[in-house]
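S.K.: Here's a sequence, model it:
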Amino acid sequence: MKKALILVLASVTGMSVALGAYADDYITLASTTSTQNSGLFDAILPQFEEAAGIDVRVVAVGTGQAFEIARRGDADSLLVHDTAGEKRFVENGFASERADVMYNDFVLIGPANDPANIGKAQSAAEAFAAIAHAKAPFTSRGDDSGTNRAELRLWE
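M.R.: Sure, this is the predicted structure:
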(Lines give C-alpha, C1' and ligand atoms only; values in the text may rest on other atoms or scores of the structure.)
Protein backbone atom coordinates (compact mmCIF):
# COMPACT_ATOMS: atom_id res chain seq x y z
CA MET A 1 0.00 0.00 0.00
CA LYS A 2 1.43 3.38 -0.92
CA LYS A 3 1.36 6.12 1.70
CA ALA A 4 -0.36 9.43 1.15
CA LEU A 5 1.59 12.63 1.51
CA ILE A 6 -0.30 15.44 3.22
CA LEU A 7 0.71 18.34 1.00
CA VAL A 8 1.94 21.76 1.82
CA LEU A 9 0.52 23.54 -1.19
CA ALA A 10 2.16 26.85 -0.37
CA SER A 11 5.47 25.64 -1.81
CA VAL A 12 5.17 24.62 -5.44
CA THR A 13 8.90 23.94 -5.65
CA GLY A 14 8.85 21.79 -2.54
CA MET A 15 5.97 19.77 -3.93
CA SER A 16 7.78 19.12 -7.18
CA VAL A 17 10.78 17.77 -5.28
CA ALA A 18 8.58 15.65 -3.02
CA LEU A 19 6.57 14.20 -5.89
CA GLY A 20 9.22 14.13 -8.61
CA ALA A 21 9.73 10.38 -8.26
CA TYR A 22 6.14 9.56 -9.27
CA ALA A 23 5.95 7.23 -12.26
CA ASP A 24 2.41 8.30 -13.19
CA ASP A 25 1.71 11.54 -14.97
CA TYR A 26 -0.89 12.51 -12.38
CA ILE A 27 -1.59 12.35 -8.68
CA THR A 28 -4.93 12.28 -6.89
CA LEU A 29 -5.51 14.87 -4.18
CA ALA A 30 -8.36 14.20 -1.76
CA SER A 31 -9.43 17.49 -0.25
CA THR A 32 -12.35 19.29 1.27
CA THR A 33 -15.14 20.87 -0.70
CA SER A 34 -14.53 24.15 1.14
CA THR A 35 -10.94 24.25 -0.14
CA GLN A 36 -12.10 23.40 -3.67
CA ASN A 37 -14.77 26.10 -3.50
CA SER A 38 -12.30 28.69 -2.20
CA GLY A 39 -10.51 28.87 -5.57
CA LEU A 40 -7.17 27.90 -4.02
CA PHE A 41 -6.60 25.01 -6.39
CA ASP A 42 -7.39 27.15 -9.44
CA ALA A 43 -4.69 29.54 -8.26
CA ILE A 44 -1.88 27.12 -7.38
CA LEU A 45 -2.32 23.85 -9.23
CA PRO A 46 -1.46 25.17 -12.70
CA GLN A 47 1.89 26.40 -11.32
CA PHE A 48 2.58 23.07 -9.65
CA GLU A 49 1.56 21.05 -12.70
CA GLU A 50 3.83 23.11 -14.95
CA ALA A 51 6.80 22.94 -12.57
CA ALA A 52 6.44 19.25 -11.73
CA GLY A 53 5.08 17.88 -15.00
CA ILE A 54 2.41 16.06 -12.99
CA ASP A 55 -1.31 16.68 -13.31
CA VAL A 56 -3.38 16.85 -10.12
CA ARG A 57 -6.84 15.31 -9.99
CA VAL A 58 -8.79 16.77 -7.09
CA VAL A 59 -11.48 14.74 -5.35
CA ALA A 60 -13.42 17.24 -3.22
CA VAL A 61 -15.34 15.63 -0.35
CA GLY A 62 -15.71 16.06 3.41
CA THR A 63 -12.69 15.51 5.64
CA GLY A 64 -13.88 12.11 6.86
CA GLN A 65 -14.42 10.92 3.30
CA ALA A 66 -11.03 12.26 2.22
CA PHE A 67 -9.34 10.27 4.98
CA GLU A 68 -11.21 7.15 3.90
CA ILE A 69 -10.26 7.59 0.24
CA ALA A 70 -6.59 7.92 1.19
CA ARG A 71 -6.81 5.03 3.68
CA ARG A 72 -7.96 2.81 0.80
CA GLY A 73 -4.97 3.94 -1.26
CA ASP A 74 -7.15 5.84 -3.75
CA ALA A 75 -5.44 9.21 -3.13
CA ASP A 76 -1.81 10.20 -3.19
CA SER A 77 -2.24 13.32 -1.09
CA LEU A 78 -4.64 14.94 1.34
CA LEU A 79 -5.49 18.52 2.09
CA VAL A 80 -7.94 18.44 4.98
CA HIS A 81 -8.46 20.36 8.21
CA ASP A 82 -8.45 18.04 11.19
CA THR A 83 -5.09 18.29 12.93
CA ALA A 84 -5.79 15.49 15.43
CA GLY A 85 -7.06 13.19 12.66
CA GLU A 86 -4.09 14.05 10.44
CA LYS A 87 -1.62 13.20 13.21
CA ARG A 88 -3.36 9.84 13.81
CA PHE A 89 -3.33 9.23 10.05
CA VAL A 90 0.47 9.63 9.98
CA GLU A 91 0.97 7.68 13.24
CA ASN A 92 -1.06 4.79 11.79
CA GLY A 93 1.22 4.68 8.75
CA PHE A 94 -1.23 5.95 6.13
CA ALA A 95 0.84 9.09 5.36
CA SER A 96 4.49 9.97 5.51
CA GLU A 97 4.12 13.47 6.92
CA ARG A 98 1.76 16.36 7.62
CA ALA A 99 2.08 20.13 7.75
CA ASP A 100 -0.10 23.04 8.77
CA VAL A 101 -1.60 24.88 5.82
CA MET A 102 -4.89 26.33 7.09
CA TYR A 103 -6.90 26.70 10.27
CA ASN A 104 -10.55 26.85 11.35
CA ASP A 105 -12.37 29.82 12.78
CA PHE A 106 -15.64 29.30 14.60
CA VAL A 107 -18.47 31.76 14.21
CA LEU A 108 -21.38 31.02 16.52
CA ILE A 109 -24.75 32.46 15.60
CA GLY A 110 -27.68 32.51 17.94
CA PRO A 111 -30.68 34.44 19.13
CA ALA A 112 -30.35 38.14 19.92
CA ASN A 113 -31.21 37.55 23.60
CA ASP A 114 -28.08 35.33 23.92
CA PRO A 115 -29.46 32.82 26.48
CA ALA A 116 -26.01 31.31 27.11
CA ASN A 117 -24.32 34.72 27.32
CA ILE A 118 -21.65 33.70 24.82
CA GLY A 119 -21.20 37.27 23.59
CA LYS A 120 -18.60 37.74 26.33
CA ALA A 121 -16.69 34.51 25.54
CA GLN A 122 -13.03 34.95 24.67
CA SER A 123 -12.76 31.66 22.75
CA ALA A 124 -14.87 29.04 21.05
CA ALA A 125 -14.17 26.63 23.92
CA GLU A 126 -15.42 29.19 26.43
CA ALA A 127 -18.56 29.78 24.33
CA PHE A 128 -19.25 26.06 24.08
CA ALA A 129 -18.82 25.70 27.85
CA ALA A 130 -21.32 28.52 28.38
CA ILE A 131 -23.81 26.86 26.03
CA ALA A 132 -23.43 23.56 27.90
CA HIS A 133 -23.75 25.25 31.30
CA ALA A 134 -26.90 27.11 30.21
CA LYS A 135 -28.28 23.94 28.59
CA ALA A 136 -29.08 26.14 25.61
CA PRO A 137 -30.03 24.47 22.32
CA PHE A 138 -27.22 23.94 19.84
CA THR A 139 -27.31 22.63 16.29
CA SER A 140 -24.22 20.87 14.93
CA ARG A 141 -23.24 20.30 11.32
CA GLY A 142 -22.86 16.63 12.19
CA ASP A 143 -21.25 15.90 8.82
CA ASP A 144 -17.82 14.46 9.79
CA SER A 145 -16.14 17.51 8.25
CA GLY A 146 -12.96 18.93 9.73
CA THR A 147 -15.05 21.71 11.26
CA ASN A 148 -17.44 19.20 12.80
CA ARG A 149 -14.54 17.16 14.18
CA ALA A 150 -13.02 20.29 15.76
CA GLU A 151 -16.44 21.17 17.22
CA LEU A 152 -16.73 17.72 18.81
CA ARG A 153 -13.28 18.13 20.40
CA LEU A 154 -14.43 21.48 21.82
CA TRP A 155 -17.46 19.82 23.38
CA GLU A 156 -15.13 17.35 25.11
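S.K.: distance of the closest residue in space to L79 that isn't next to it in sequence from I44?
M.R.: In space, and not counting its chain neighbours, L79 is closest to S31: 4.1 Å by CB to CB, 6 or more residues apart in numbering. For glycine as for every other residue, the C-beta is placed from the backbone atoms N, C-alpha and C. Noted for S31: a distance of 12 Å to I44, by CB to CB, to the nearest Å.
S.K.: Who has more neighbours out of those two?
M.R.: Between S31 and I44, S31 has the larger neighbour count (other CB atoms under 10 Å), namely 25 against 16.
S.K.: ok, that one touching H81?
M.R.: No. If you go by CB atoms under 8 Å, S31 and H81 don't touch, sitting 9.6 Å apart.
S.K.: wait, what's in contact with D144?
M.R.: By CB atoms under 8 Å, 6 or more residues apart in numbering, the contact set of D144 is G62, T63, G64, Q65.
S.K.: Show me how far stretch 102-114 is from its chain's centre.
M.R.: The chain centre lies 19 Å from the centre of stretch 102-114; the measure is CA atoms, centre = their mean, to the nearest Å.
S.K.: What of stretch 81-88?
M.R.: Relative to its chain's centre, stretch 81-88 lies at 8 Å (CA atoms, centre = their mean).
S.K.: Could you look up the SS state of the nearest residue to T83 once chain neighbours are set aside?
M.R.: Sequence neighbours aside, D100 is the residue nearest to T83 in space, at 7.6 Å (criterion: CB to CB, 6+ apart). Taking DSSP: H, G, I helix; E, B strand; the rest coil as the rule, one finds D100 in the coil state.
S.K.: Likewise for V56?
M.R.: Three-state assignment for V56 (three-state DSSP): strand.
S.K.: Mind listing the residues bridging to it?
M.R.: Beta bridges link V56 to I27, judged by DSSP bridges.
S.K.: burial of it, as a residue count?
M.R.: When neighbours are defined as other CB under 10 Å, V56 has 22 of them.
S.K.: Just the pLDDT at it, thanks.
M.R.: According to the prediction, V56 has pLDDT 97.
S.K.: For N148, what are phi and psi?
M.R.: For N148, the backbone dihedrals (degrees, to the nearest 10) come out as phi -60, psi -40.
S.K.: doesn't R141 make contact with it?
M.R.: Yes. Taking contacts as CB under 8 Å, N148 lies within contact range of R141: 4.6 Å.
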